[in-house]
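Peer 1: I'll drop the sequence and a predicted model, then ask my questions.
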Amino acid sequence: MEYTRKIGPVLPAADGAPAAPTGDDRVMSFGNVELNNAREGEDKNAAEMVVARGYASVVRHRTDEERSSVYEALVDLEEKAKQAKRGIHSSKEVSVPRVNDVSLPGNAARAKQYLPFLQRGGKLQGLVENVSSGHRLKIHIPREGVTIALAPSGVRAPQRAMPSIAGRPATAGEPFGDEAYLWTREHFNQREVEIEVEAVDKGGTFLGSILLPGPKPVSLGLALARMGLARTQPFFAAERVKGGQELLAAIQAAKEARLKVWENWTPEEDAVAADVDDEATANGSAAAAGGETLAVSVTEVTDGNEFYVQSTSEPRVAWLEEQLRTLGLSDGPAATGLGQGSLCLGQFSLDNNWYRGYVEHVNPVEPKYNVYFIDFGNRERLSSERVRTIDAALAAVPAQARPACLAYLKVPTLDEESGTDAAAYLAQLVGSGKRFNATVVRRERGLGPKEKHPRKAADKLHLVLKEAGGEGIDVAHEMLKAGLARLPKLHKVRDPVAKAAIDKLMDFQDVARKAHRAMWEYGDPGDSDDEEPAPKPNAWGKKR
């Protein structure tokens with residue numbers, strides 16, 4: 001700092017009288033900012049750099065006033081900038097640089113388009129614009145002209161508390177979430193970093209490494225792990241992440257030191273987790289490495305090949321129920337002007353409660369609305385008295401019902417033999433509000449955000465369902481033992497992981513086969529997919 005000056009705020013006076021000071025003086029310090037890491041021959045003074053580029057003008061001072069020690073240099077640089085017509089001294093129209101920001105919610109598809117370019121770019125220079133959480137940063141990459149959300153591969157910091165924004169309910173913070181956020185913001189916010197992108201998740205957040213350069217470079221993921229402010233992601237595989245072994249070693253050291261999130265850790269926890277992983281592998285529950293695991297309940301069974309699940313850990317489900325319960329919709333006027341493809345609120349006939357829906361068809365004569373309930377997956381035909389328009393905040397929350405089916409199994413449809421029994425038995429296994437641990441084997445791609453119908457837009461999840469709890473049932477095992485589902489022929493399965501999982505399920509299918517249950521009553525049911533193609537006929541008139 002070079003000097004200080006008292007600055008008193010003034011209030012504008014009426015009737016053209018001079019402004020009067022308020023008496024609340026404050027002292028401001030003035031000085032110079034110089035860069036410590038500037039190379040020899042490069043500009044060091046920040047003020048000189050800004051003025052020379054035409055991005056600022058110099059405040060004129062009287063000779064008896066205190067002023068900067070580099071005041072004369074600033075005046076000279078300003079004159080040179082004027083002569084060169086740089087920046088604010090140019091008469092040309094300023095062109096605003098265009099930046100593609102794919103860090104915002106809803107830009108997952110656009111973000112994935114940049115993945116190949118960022119992967120090929122290797123190590124890239126970026127500027128941290130904002131810190132969202134302890135492990136998630138918003139980074140601008142000048143070379144690619146894009147702004148992305150980036151998180152370190154393999155680790156996750158505790159979540160900090162978030163207020164209710166744009167229809168999203170407030171979420172409670174996790175222990176040490178604020179501490180992780182504040183540490184990351186202090187060390188990385190508005191800093192130039194070196195990044196390397198490896199992948200992108202389903203929400204559009206890129207995964208990779210984030211390095212703060214300097215005499216002692218700081219890796220964000222590794223630093224959080226060493227301080228006990230991060231855990232590994234589920235299904236973390238060290239061999240798939242750059243520096244994965246070092247990351248595991250840092251987390252193990254934090255565990256043994258009982259740091260932060262590991263303050264109550266015991267070695268038995270790791271032993272139990274290892275046993276669970278081994279059991280899941282033995283039962284064929286985990287498909288490919290890195291399969292996502294969800295805590296779900298089944299809300300609707302359409303048939304043996306399709307049902308709907310809802311996440312039991314999703315806070316927006318409870319928020320929606322609370323909002324709909326307090327709206328007092330039953331006394332309101334009936335909806336008018338709702339057409340096919342509109343979101344609405346519908347009163348379900350079995351409990352007379354209101355739920356969010358999508359209008360699939362309108363019969364203008366009666367009038368009647370065919371409504372698909374987007375948070376549960378069921379359908380009902382409702383009169384106009386049971387339908388209301390939906391508030392924008394409620395409509396902004398994504399549909400909570402996710403279409404799904406049982407992975408690896410072939411289940412008869414309703415119009416096939418045993419199809420009705422299969423649907424009824426599946427409903428019996430998954431109903432009554434039971435909770436399941438669902439492993440996502442694969443996603444059958446939906447039509448995406450361009451499709452208005454929530455069911456058609458959503459990806460269909462192929463799941464392995466196991467009831468939560470120590471002695472919970474595996475739904476696939478029960479369906480196979482009952483003879484209401486079967487497995488594909490192994491020689492037709494190309495994926496080695498899927499083939500191994502199917503092979504381990506064969507014993508359960510054999511139980512039904514030997515007992516001639518349901519589909520196996522008259523032997524192997526077979527289907528057109530498993531039949532060998534008929535031999536091609538020889539040329540006409542030619543003997544075999």
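Peer 2: Right, received. Where do you want to start? This one's a predicted model, so the numbers in the text were calculated from it and none came from an experiment.

Peer 1: Look up phi and psi at the closest residue to Ile141 other than its chain neighbours.
Peer 2: Leaving aside its sequence neighbours, Ile141 sits nearest to Gly126 (CB to CB, 6 or more residues apart in numbering; 4.8 Å). No exception for glycine: its C-beta is placed from N, CA and C like everyone else's. The phi/psi pair for Gly126 (degrees, to the nearest 10) reads phi -140, psi 160.

Peer 1: ok, Gly126 - contacts?
Peer 2: Contact analysis of Gly126 by CB atoms under 8 Å, 6 or more residues apart in numbering lists 139-142, 150, 192-195.

Peer 1: Show me which of these is closest to Ala111.
Peer 2: Leu150 (10.4 Å; CB to CB).

Peer 1: May I ask you to confirm that the closest one belongs to a helix?
Peer 2: No: looking at Leu150 with DSSP: H, G, I helix; E, B strand; the rest coil, it is strand, so not inside a helix.

Peer 1: Check the closest residue to it other than its chain neighbours and give its pLDDT.
Peer 2: Once flanking residues are discounted, Leu150 sits nearest to Phe206: 4.7 Å by CB to CB, 6+ apart. Looking at Phe206, its pLDDT reads 93.

Peer 1: Any figure for the gap between Lys82 and Arg455?
Peer 2: Distance of Lys82 to Arg455, given as CB to CB, to the nearest Å: 64 Å.

Peer 1: Those two: who's more crowded?
Peer 2: Counted by other CB atoms under 10 Å, Lys82 and Arg455 do not tie: Arg455 has more neighbours, with 21 against 15.

Peer 1: SS state for the more buried one?
Peer 2: Using three-state DSSP, the structure places Arg455 in helix.

Peer 1: Report how many residues lie close to the nearest residue to Asp524 once chain neighbours are set aside.
Peer 2: Take Asp524 and drop its neighbours on the chain: the residue closest to it by CB to CB, 6+ apart is Arg513, 7.7 Å away. Neighbours of Arg513 under the rule other CB under 10 Å: 17.

Peer 1: Enumerate every residue touching Arg513.
Peer 2: 483, 520, 524.

Peer 1: list the buried ones in whatever helix or strand Leu247 lives in?
Peer 2: Assigned by DSSP states H and E, Leu247 belongs to helix 244-256. Neighbour counts over helix 244-256 (16 or more other CB atoms under 10 Å) mark 244, 246-248, 250-251, 254-255 as buried.

Peer 1: Return the closest of those residues with respect to Glu306.
Peer 2: Of all these, Glu306 sits closest to Gly244, with 37.9 Å by CB to CB.

Peer 1: Touching, that closest one and Val155? I think so.
Peer 2: No: applying CB atoms under 8 Å, one finds Gly244 not in contact with Val155, separated by 10.1 Å.

Peer 1: beta partners for the residue nearest to Ile141?
Peer 2: For Gly126, the residues forming beta bridges with it (DSSP bridges) are Val193.

Peer 1: what does the average pLDDT come to for the helix holding Leu247?
Peer 2: For helix 244-256, the mean per-residue pLDDT is 91.

Peer 1: all strands of the stretch 301-450 of the chain, in order?
Peer 2: 306-311, 343-347, 354-363, 368-373, 379-383, 387-388, 402-406, 435-444 (DSSP state E, counting those that start in this stretch).

Peer 1: of those strands, which approaches Gln119 most closely?
Peer 2: strand 435-444 (21.6 Å).

Peer 1: Show me the strands paired with that closest one, marking each as parallel or antiparallel.
Peer 2: When sheet partners are counted by DSSP bridges, strand 435-444 sits next to strand 293-303 (antiparallel), strand 460-467 (antiparallel).

Peer 1: and that strand, which residues are buried?
Peer 2: Using 16+ other CB under 10 Å as the burial criterion, the residues of strand 435-444 that qualify are 436-442.

Peer 1: re the thing from before, quickly name whichever of the contacts of Gly126 is closest to Leu320.
Peer 2: Of the contacts of Gly126, the one sitting nearest to Leu320 (CB to CB) turns out to be Leu150, at 31.0 Å.

Peer 1: For that closest one, grab the count of nearby residues.
Peer 2: 28.

Peer 1: what's the answer for Ala468, then?
Peer 2: Ala468: 14 surrounding residues under other CB under 10 Å.

Peer 1: One more: Gly483?
Peer 2: Residues contacting Gly483 under the criterion other CB under 10 Å number 23.

Peer 1: Could I get the pLDDT score of it?
Peer 2: Looking at Gly483, its pLDDT is 92.

Peer 1: Doesn't it belong to a strand?
Peer 2: No: the assignment for Gly483 is coil, going by three-state DSSP, so no strand is present there.

Peer 1: Let me see the contact set for it.
Peer 2: By CB under 8 Å, 6+ apart, the residues touching Gly483 are 418, 512-513, 515-521.

Peer 1: quick one: it and Leu465, what's the gap?
Peer 2: Using CB to CB, Gly483 is found at 18 Å from Leu465.

Peer 1: ok so, going back, closest one of the buried residues of helix 244-256 to Lys410?
Peer 2: Lowest distance from Lys410 to the buried residues of helix 244-256 (CB to CB) belongs to Gly244, with 37.8 Å.

Peer 1: mind checking pLDDT for the residue most central in space within the chain?
Peer 2: With distances taken as CA atoms, centre = their mean, Gly203 lies nearest the centre of the chain, 3.3 Å away. Predicted confidence (pLDDT) for Gly203: 81.

Peer 1: okay, the strands paired with strand 435-444, which one's buried deepest?
Peer 2: Comparing the strands paired with strand 435-444 by mean neighbour count (mean count of other CB atoms under 10 Å), strand 460-467 comes out on top with a mean of 22.

Peer 1: now that one, how far from the centre of its chain.
Peer 2: Put simply, strand 460-467 sits 19 Å off its chain's centre (CA atoms, centre = their mean, to the nearest Å).

Peer 1: So which residues make contact with it?
Peer 2: Strand 460-467 has contacts (CB under 8 Å, 6+ apart) with 283-287, 296, 298, 306, 309, 402-408, 430, 434-444, 446, 472-476.
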